[in-house]
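>>> only geometry, no sequence info:
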């Protein structure tokens with residue numbers, strides 16, 4: 001058995017760097033997002049894709065080590081599961097405090113969107 005990294009993305013604003021990595025699971029993905037050297041457990045969110053009947057993607061944050069950035073984690077998970085058409089378990093560990101929330105959100109979303117594009121470009125999102 002091995003871990004299959006399906007896609008990666010990174011975004012930088014000045015000295016603030018966010019990394020996003022998708023790991024393929026059985027008919028789902030693990031998404032890890034961080035501004036640290038190593039990935040870790042932060043806010044944990046489980047998101048499911050929209051159904052074929054047109055409902056929106058849904059997500060549920062689970063409080064493991066606090067709910068920091070829970071709205072951002074929800075948005076990331078919903079966006080990823082919508083585009084990848086599979087459930088996504090997100091681990092979002094953002095520690096940065098020196099930048100405005102808008103910068104943190106924009107940079108994080110950019111990294112995740114690049115990782116989603118990487119998954120799709122590699123054809124790793126087939127149902």
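Looks like it came in fine. None of these values were measured; they are calculated from a predicted model. Numbers count the residues shown, from 1 in each chain.

>>> Spatially nearest residue to residue 34 (excluding sequence neighbours)?
Closest residue in space to residue 34, ignoring its immediate chain neighbours: residue 93 at 4.4 Å, by CB to CB, 6 or more residues apart in numbering. C-beta here means a position set from N, CA and C on the backbone, and glycine is covered the same way.

>>> Go ahead and confirm that neighbour touches residue 44.
No. Between residue 93 and residue 44 there is no contact under CB atoms under 8 Å: 10.0 Å.

>>> low-confidence ranges in the protein?
Low-confidence segments of the chain, defined by pLDDT under 70: 1, 52-67, 124-127.

>>> List of residues touching the longest helix seen in it?
Ranked by residue count under DSSP state H, the longest helix found in the chain is helix 101-121. The contact list for helix 101-121 (CB atoms under 8 Å, 6 or more residues apart in numbering) reads 6-13, 16, 18-22, 29, 31, 33, 35, 69, 72, 75-76, 79-80, 83-84, 92, 94, 96, 125.

>>> Show me what counts as buried in that helix.
104-105, 107-116, 118-119 (16 or more other CB atoms under 10 Å).

>>> now swap in stretch 18-25 and tell me
For stretch 18-25, by 16+ other CB under 10 Å, it's 18-24.

>>> Go through these and name the one nearest residue 88.
residue 22 (8.1 Å; CB to CB).
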